[in-house]
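Colleague: build the 3D model from these lines:
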Amino acid sequence: MTGIYTYSVAILMGVAVFGAILVLMRLFHNRRLQSAQGVIQRLGNTALRDLGEQALPDKELREEELVPVRPSLFGIPYVAWISTSLFIPSAFLIIFFANLVYSYGPPDTGSVAWIAYRAPAAFQAQGRSLVRHELLIPKGKRITESDRLLVEEALRNRFNVPPGEVLGTLLILSVFIFILLYHINILYPTGTEKNKNLILIYLTILIVLVGAKISLFYGMFSPYLIPLPWAGMVITVFVNRRLVPLTMLITLIFVFLQAPFEFGLFLVLLSGGLVSGSWVRQARRRDELMFASLLVGLVMGGVFLCQSILNGHQLSFVLPDAVASLSNGVVAGFLTLLTLPAFERLFDFASPFRLMELLDLNTPVLSELFLKAPGTYQHTMAVASIAGKVANEIGANGLLVRVGAYYHDIGKMFNPQYFIENQVGEEDQHDELGPVASAAVIRSHVTLGIRLARRIGLPGPVEDFIPEHHGTSTIEFFYHKSRQQQSQIKSERVFKYSGPKPQSKETAVLMIVDSCEAACRVLKSRDEEEVRKLVSRMAYGKLEQREFDESGLTIGELQKIIDLLTDILQSAGHQRIAYPSDKQSRADESRQSKLRIVSQLGGSETDSST
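Modeller: Prediction:
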């Protein structure tokens, strides 16, 4: 009983410490967000100075002038291969843990077994042959002297694993993990996203393997509570639901490398893993996630009952496992909510729940943007609505695009008078600057936006929209102005944004929508032909400049974007008819004018008409 008591206390203490850490992380994050107004004021006071004294004269700028490199744990070359090479031995160690480590000692005679004792390797004892993973002592049985001797013999033979079994396990791990790596490489062609997603997927698989080891080998809890649905939910929330089916199947293959195959258990766990990816993807609030997890539990329970009927089992005999199957989905939902903040901080991800919080227009950053740069704010709102719709149309993350569009121009609040959408009247601040200095001021909104985003704790995927929506494009107006003035600076690089190019479909969508929405404002005619011509020229112009090379955007998706954007921008530029009240008011004004003229002549309107 001492072992059970110690084990229970350790679990409770671990959960309490983990919960306290999550609460502190949440409080710290909220405090950073609320401090945004002070950060904006400090950056605003030094905005022009931060451009550097060397930036204003017409001198060629340094390549590293603007965008600082965001510190990352995943910027190591070939990190995908490194993480894969680390995953394979880690999974191997979990599978053969009982063979490599003295995982349990011989029980005391007369005590009650609080774990199940299984054979780590095949051996012979007490006149019978036992195979690997065969049950020696069930959980809850009172230990006899014969049981104790049997466990001691099993521990002495734990290294006797056939070389063929070791080599075969290693090969199966390698083959299936490289299949997974191949599919991730297709979905995420850019290095950073691929590395982060790989590490998260590998980590969830290892956690499931540890849970399966504790359940299947040591019997600590029902195998129908193995957290495979939790892994599916986490991958759906942070990575991509299209990876869930393959990941769940590969994980189950790895699970049954360390235990005898059970078809019923395989069906129940696989059903939970598959439906978790389908239903959780629509969750935008925590209560929606819990509702989806309840549905996952119902599916798992239904599959369990079906396979029990198929095998002819009585309900009373399988009731504990039936309850465990029903509970697995709900438990997975709670575990997902508990682990989301930790994964967000560790991997710099943005969950849908975090993104929904950032959609609040009353946050200090967006409120300050509205007050200091109202023209930029209106442009931002229009771009966010359009870009979110376009992203959903091509299967990208529309919620992330919408949030990224909200914050992509927050750096403009520091020098708003230098941006055309905030200028009132005919005065232009750029008349006092040369073309290179003007380009430096325009580019500075990227640098200042990134600094502000980091100080208030915006998630990395949202921050990425700030530099990537411009990529390495040229500030055309001032570049051509410089050429017209026959400036000594001939290099186009001086007038380019420093990048990086869009690293995802989401930032590529914002790049297209942002430029097209701004360009459409100067169109005299909003007929379909003119709008389509403009959108096509802007989109294919970015393609020719190789801005989409690292985004994973296809030609087919680009054409979809052009078609939908043409329809939206054409509709947004409609003209209103003159309402009857407007005509009546003009008629009244005319009548009053006539009355005043007649009054001055000393007559009446009637008299004058006759």
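
Colleague: all strands of this protein, in order?
Modeller: 117-118, 123-125, 128-130, 135-137 (DSSP state E).

Colleague: nearest to Ala332, out of these?
Modeller: Ala332 lies closest to strand 117-118 among the strands of the chain, at 26.0 Å (Cβ to Cβ). Glycine gets a C-beta too; all of them are placed from N, C-alpha and C.

Colleague: give me the helices and strands touching the closest one, please.
Modeller: With contacts taken as 3 or more Cβ pairs under 8 Å, 6 or more residues apart in numbering; DSSP states H and E, strand 117-118 sits against strand 135-137, helix 145-156.

Colleague: rewinding a little: tell me which of the strands of the chain is the most buried.
Modeller: Highest mean neighbour count among those (mean count of other Cβ atoms under 10 Å): strand 117-118, with a mean of 24.

Colleague: please work out the average pLDDT along it.
Modeller: Strand 117-118 shows a mean pLDDT of 84 in the predicted model.

Colleague: list the contacts of it.
Modeller: 98, 104, 107, 133-137, 147, 151, 154, 217-218 (Cβ atoms under 8 Å, 6 or more residues apart in numbering).

Colleague: Gly395: which of the residues you listed is nearest?
Modeller: For the contacts of strand 117-118, the nearest to Gly395 is Phe217 (40.9 Å; Cβ to Cβ).

Colleague: what's the spacing between that closest one and Arg118?
Modeller: Phe217 is 5 Å from Arg118, where distance means Cβ to Cβ, to the nearest Å.

Colleague: now the common contact residues for these two.
Modeller: Common neighbours of Phe217 and Arg118 (Cβ under 8 Å, 6+ apart) are Ala98, His133.

Colleague: on that earlier part again, do you know which of the strands of the chain lies nearest Ser385?
Modeller: That would be strand 117-118 among the strands of the chain, by Cβ to Cβ, at 58.6 Å.

Colleague: that older thread, just the buried ones from the contacts of strand 117-118, in ChimeraX syntax?
Modeller: Command for ChimeraX that selects the buried part of these, burial taken from 16 or more other Cβ atoms under 10 Å:
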select :98,104,107,133,136,137,147,151,154,217,218
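
Colleague: just send the contacts of strand 117-118 back as a markdown table, with distance to Cys306 too.
Modeller: Shown next, in a markdown table, are the contacts of strand 117-118 (distance: Cβ to Cβ, whole Å):
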| residue | distance to Cys306 |
| --- | --- |
| Ala98 | 33 |
| Tyr104 | 36 |
| Pro107 | 38 |
| His133 | 27 |
| Glu134 | 29 |
| Leu135 | 26 |
| Leu136 | 32 |
| Ile137 | 32 |
| Asp147 | 37 |
| Val151 | 38 |
| Ala154 | 36 |
| Phe217 | 27 |
| Tyr218 | 29 |
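
Colleague: so which one of the contacts of strand 117-118 is the model least confident about?
Modeller: Tyr104 (73).

Colleague: residues touching that residue, list them.
Modeller: Counting by Cβ under 8 Å, 6+ apart, Tyr104 has contacts Ile115, Tyr117, Val151, Tyr218.

Colleague: and of those, the nearest to Ala350?
Modeller: Tyr218 (36.9 Å).

Colleague: Tyr117 versus the closest one, what's the distance?
Modeller: Tyr218 is 8 Å from Tyr117, by Cβ to Cβ.

Colleague: swap in Val318?
Modeller: 23 Å.

Colleague: now for the contacts of Tyr104: which two are most distant?
Modeller: Of all pairs in the contacts of Tyr104, the most separated under Cβ to Cβ is Val151 and Tyr218 at 13.0 Å.

Colleague: count of residues packed around the residue lying closest to Gln126 once chain neighbours are set aside?
Modeller: Leaving aside its chain neighbours, Gln126 sits nearest to Leu150 (6.3 Å; criterion: Cβ to Cβ, 6 or more residues apart in numbering). Residues near Leu150, counting by other Cβ atoms under 10 Å, number 21.

Colleague: for Leu150, give me its contacts.
Modeller: Ala125, Gln126, Leu136, Ile137.

Colleague: which one of those residues is nearest Leu180?
Modeller: Leu136 (34.9 Å).

Colleague: for that closest one, which non-adjacent residue is closest in space?
Modeller: Per Cβ to Cβ, 6+ apart, closest to Leu136 is Tyr117, 4.4 Å.

Colleague: what do you get for Gly375?
Modeller: Glu421 (3.4 Å).

Colleague: the one you found is in contact with Ala382, isn't it?
Modeller: No: the pair Glu421 / Ala382 is not scored as a contact, 10.7 Å apart, by Cβ atoms under 8 Å.

Colleague: between those two, which one's more packed in?
Modeller: Ala382 (20 against 17).

Colleague: what distance do you get for the more buried one to Gly552?
Modeller: From Ala382 to Gly552 the distance is 26 Å (Cβ to Cβ).

Colleague: contact partners for Pro260?
Modeller: His133.

Colleague: what's it sitting at in phi/psi?
Modeller: The phi and psi values for Pro260, taken as degrees, to the nearest 10, are phi -60, psi 140.

Colleague: before we move on, back to that, from the contacts of strand 117-118, which two are the most distant?
Modeller: So, those by Cβ to Cβ: farthest apart are Pro107 and His133, at 18.4 Å.

Colleague: got the contact list for the residue nearest to His183 when sequence neighbours are not counted?
Modeller: With sequence-adjacent residues excluded and distances taken as Cβ to Cβ, 6+ apart, His183 is closest to Leu246, at 5.9 Å. The contact partners of Leu246, taken as Cβ under 8 Å, 6+ apart, are Ile179, Leu180, His183.

Colleague: just those: which are in helices?
Modeller: Taking DSSP state H, the ones among those that sit in helices are Ile179, Leu180, His183.

Colleague: which among those gets closest to Phe343?
Modeller: Of the ones in helices among the contacts of Leu246, the one sitting nearest to Phe343 (Cβ to Cβ) turns out to be Leu180, at 18.7 Å.

Colleague: if you skip the residues just before and after it, what's nearest to the closest one?
Modeller: Leu180 sits nearest to Ile250 (Cβ to Cβ, 6+ apart), 5.7 Å away.

Colleague: counting neighbours, what do you get for Val390?
Modeller: Val390: 24 neighbours (other Cβ under 10 Å).

Colleague: right, I mislabeled it, should have said Ser551
Modeller: Residues lying near Ser551 (other Cβ under 10 Å) number 23.

Colleague: list phi and psi for it.
Modeller: Dihedral angles for Ser551 - degrees, to the nearest 10 - are phi -100, psi -20.

Colleague: roughly how far apart are it and Ile562?
Modeller: Taken as Cβ to Cβ, the span from Ser551 to Ile562 is 15 Å.

Colleague: swap in Leu246?
Modeller: 32 Å.

Colleague: what's the answer for Leu358, then?
Modeller: From Leu358 to Ile562 the distance is 29 Å (Cβ to Cβ).

Colleague: which regions of the protein sit below the pLDDT cut-off?
Modeller: With pLDDT under 70 as the threshold, the chain has low-confidence stretches at 1-81, 188-194, 425-429, 431, 486-492, 573-610.

Colleague: does Gly232 touch Leu243 like I think?
Modeller: No: judged on Cβ under 8 Å, Gly232 makes no contact with Leu243 at a distance of 9.7 Å.

Colleague: using PDB, write out every CA atom in stretch 379-394.
Modeller: Output of stretch 379-394 as PDB, limited to C-alpha atoms (Å, rounded to 0.1, in the frame of the first residue of the first chain):
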ATOM      1  CA  HIS A 379      -7.300  49.500 -44.400                       C
ATOM      2  CA  THR A 380      -6.400  46.800 -41.900                       C
ATOM      3  CA  MET A 381     -10.000  46.000 -41.200                       C
ATOM      4  CA  ALA A 382     -10.900  45.700 -44.900                       C
ATOM      5  CA  VAL A 383      -7.800  43.600 -45.700                       C
ATOM      6  CA  ALA A 384      -8.500  41.300 -42.700                       C
ATOM      7  CA  SER A 385     -12.100  40.500 -43.800                       C
ATOM      8  CA  ILE A 386     -11.000  39.900 -47.400                       C
ATOM      9  CA  ALA A 387      -7.900  37.900 -46.600                       C
ATOM     10  CA  GLY A 388      -9.700  35.600 -44.200                       C
ATOM     11  CA  LYS A 389     -12.300  34.700 -46.700                       C
ATOM     12  CA  VAL A 390      -9.700  34.100 -49.500                       C
ATOM     13  CA  ALA A 391      -7.600  31.900 -47.200                       C
ATOM     14  CA  ASN A 392     -10.500  29.700 -46.300                       C
ATOM     15  CA  GLU A 393     -11.200  29.300 -50.000                       C
ATOM     16  CA  ILE A 394      -7.800  27.700 -50.700                       C
END
